[in-house]
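S.K.: Fold the stuff below for me.
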Amino acid sequence: MNRPEEASLIAQTQFGMETSRISQENRDEISFMTFIIPEFAAAYKMNVQDAYRYLKQYGGLDYLREHWWALHTMNPFWAVRDMLEICRQNGGYQ
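M.R.: Residues are numbered from 1 along each chain as shown. The predicted model follows:
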């Protein structure tokens with residue numbers, strides 16, 4: 001068992017005893033993504049599943065994964081707006 005001061009989480013998978021370490025940075029990224037996708041959905045009157053599909057199809061999720069560290073420091077309004085602009089540049093709703 002890991003000591004509490006260790007900065008990673010041991011995640012047990014459903015496939016036997018296989019484990020993987022999730023760093024604090026990865027946990028922060030996941031936390032931000034689970035916050036901002038529903039924010040995007042609410043801003044554009046979509047359900048969360050449709051927002052996820054839209055972001056995935058038009059590059060918004062790739063942008064989010066690549067730039068989450070900068071996006072999480074700004075007001076969610078600007079992050080959501082930037083994601084929409086990326087999607088528009090990749091053929092999303094005009």
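
S.K.: Tell me which residues of the longest helix along the chain come out buried.
M.R.: In the chain, with assignment by DSSP state H, the single longest helix is helix 24-43. Judged by neighbour count (16 or more other CB atoms under 10 Å), helix 24-43 contains these buried residues: 29, 32-33, 36-37, 39-41. Every C-beta, even on glycine, is put in place using the N, C-alpha and C of the backbone.

S.K.: could you point out which element follows it?
M.R.: Per DSSP states H and E, the first helix or strand lying C-terminal to helix 24-43 is helix 48-57.

S.K.: got the angle between that following helix and helix 24-43?
M.R.: Angle, helix 48-57 to helix 24-43, by axes from the mean of the first three to the mean of the last three CA atoms, to 10 degrees: 110 degrees.

S.K.: List the buried residues in helix 48-57.
M.R.: The neighbour-count check on helix 48-57 (16+ other CB under 10 Å) flags 51-52, 54-55 as buried.

S.K.: average pLDDT for the helix or strand following it?
M.R.: Per DSSP H and E, the first helix or strand lying C-terminal to helix 48-57 is helix 60-71. Mean per-residue pLDDT for helix 60-71: 93.

S.K.: How about stretch 33-51?
M.R.: Mean predicted lDDT for stretch 33-51 stands at 96.

S.K.: Now do the end-to-end distance for it.
M.R.: The straight-line separation of the ends of stretch 33-51 (CA to CA, to the nearest Å) is 12 Å.

S.K.: residues making contact with that stretch?
M.R.: Residues from elsewhere that reach stretch 33-51 (CB atoms under 8 Å, 6 or more residues apart in numbering): 52, 54-55, 60, 64-65, 68, 71-72, 76-77, 79-80, 83-84.

S.K.: who wins for neighbours among those residues?
M.R.: Met83 (28 neighbours; other CB atoms under 10 Å).

S.K.: Leaving out sequence neighbours, find the closest residue to that one.
M.R.: Gly60 (4.4 Å; CB to CB, 6 or more residues apart in numbering).
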